[in-house]
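Asks: Curious how this folds, go ahead:
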Amino acid sequence: MQNLITQQPDSINVTFRKVKFDFDSVADRYWMRNNPFITHFLNTLSSLFPDGEKWFIDSVRAFKDDIKDEKLLKRVDQFIKQEAHHTYQHKQLNRLAEKFGVKISRYQNFNKMIWALGEKTLNKHQQLSITITLEHITATLGHQFMTNPAITHCMNKEISELWRWHSIEEIEHKSVAFDVYKAVGGTYFTRIWLYLFINVEFWLLVYLFILDMMRVDRKLFDMKAYLKGFWYLFNPRSGLLSRSVPDLFRYLKAGFHPWQRDNSWLIEKWIEGHQDYFITRSA
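Replies: Purely as a prediction, here's the structure:
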């Protein structure tokens, strides 16, 4: 085992927060800009979270007995609690999507098969490497949700705050799984080849799910929705994915660490103005 080397700022304290959002108040089927493509893009991400976050928890927990650093162990415990609560909240959002006719269970059943295949074919280090890949993607997208006003513009307020809360916690714990990976001897080669593979598989799955949701909604040939959706994702100035590309590529550096970009200020900035969403705050 390697000695723990982390670049996490001293000010960061990974903390479980229990929250509540009023999804019952959401009346619009297309709650993001009245656009089926963008709404289904976010529905797709939400559909992937419950099983994905179970994987994250299991892959980190598999190494708990190998971690000797007490601070990292505490961060792991809070990471697990945060991810479990993310799962709970996205299940509520997925129920909302089901109410509007999106067959979330259909996509989750397919997703479960993929995760099961990964558990059978990959060793523990490789499974953890997939976790740090997806943690980097979610933290990168989370940064855009918090800094790019165009991403949540005209989104239903309750759903917007769900994504922003999720984003600040992805930022807060973005190095936990990474530091575990380094502490248990994870290699650069494994980290990179799985990063490249998972990025292809993940984004392909996202677009296949969106297309199927559009088909079920009888919007498969709604070119206006596609054009606005692709502008939302790829326009050079404020696109969610186009603005994320530099950070996604930073992961390929041999000396990469998630906290080389210190965006910790976003966490307290959101928390300070959203106390009404917290049921409890526990360390």
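Asks: So for Thr6, what pLDDT did the model give?
Replies: Per-residue confidence at Thr6 stands at 70 (pLDDT).
Asks: try the one 10 residues further on
Replies: Among the per-residue scores, Phe16 holds a pLDDT of 95.
Asks: i'd like the first residue to be 43 from this point on
Replies: Got it, first residue is 43 now, which makes that one Phe58.
Asks: What separation do you get for it and Lys116?
Replies: Phe58 sits 11 Å away from Lys116 when distances are taken as C-beta to C-beta, to the nearest Å. Using the backbone N, CA and C atoms, a C-beta is placed for each residue, glycine as well.
Asks: So between the two, which is more surrounded?
Replies: A count of neighbours by other C-beta atoms under 10 Å puts Phe58 above the other of Phe58 and Lys116, at 18 against 13.
Asks: what's the closest non-adjacent residue to the more buried one?
Replies: Ranked by C-beta to C-beta, 6 or more residues apart in numbering and with sequence neighbours excluded, the top spatial neighbour of Phe58 is Lys123, at 3.8 Å.
Asks: pretty sure the one you found contacts Val56?
Replies: No. Under the criterion of C-beta atoms under 8 Å, Lys123 is not in contact with Val56, lying 9.1 Å apart.
Asks: Who has more neighbours out of the two?
Replies: Between Lys123 and Val56, counted using other C-beta under 10 Å, the more crowded position is Val56 (20 against 17).
Asks: in what helix or strand does the closest residue to that one other than its chain neighbours lie?
Replies: Among residues not flanking Val56 along the chain, Gln120 sits closest, at 4.1 Å (C-beta to C-beta, 6+ apart). Taking DSSP states H and E as the criterion, Gln120 maps to helix 112-141.
Asks: Name the residues of that helix that are buried.
Replies: Neighbour counts over helix 112-141 (16 or more other C-beta atoms under 10 Å) mark 114, 117-118, 120-125, 127-129, 131-132, 135-136, 138-139 as buried.
Asks: Go ahead and confirm Phe105 touches Leu170.
Replies: Yes. At 6.8 Å, Phe105 counts as touching Leu170 under the criterion of C-beta under 8 Å.
Asks: what's Tyr237 in contact with, if anything?
Replies: Ser171, Thr175, His178, Tyr293, Leu294 (C-beta atoms under 8 Å, 6 or more residues apart in numbering).
Asks: CA atoms of stretch 153-169 as CSV?
Replies: Extracted in CSV, the C-alpha atoms of stretch 153-169 (Å, rounded to 0.1, in the frame of the first residue of the first chain):
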residue,chain,number,x,y,z
ASN,A,153,-28.1,-0.8,-16.9
LYS,A,154,-28.1,-3.5,-14.2
MET,A,155,-27.0,-6.0,-16.8
ILE,A,156,-24.0,-3.9,-17.7
TRP,A,157,-22.9,-3.4,-14.0
ALA,A,158,-23.4,-7.1,-13.4
LEU,A,159,-21.1,-7.9,-16.3
GLY,A,160,-18.5,-5.5,-14.9
GLU,A,161,-18.6,-7.2,-11.5
LYS,A,162,-18.0,-10.6,-13.2
THR,A,163,-15.2,-9.5,-15.5
LEU,A,164,-13.2,-6.8,-13.7
ASN,A,165,-11.0,-7.0,-10.6
LYS,A,166,-11.4,-4.7,-7.6
HIS,A,167,-8.9,-2.2,-8.8
GLN,A,168,-10.5,-2.0,-12.2
GLN,A,169,-13.9,-1.5,-10.6
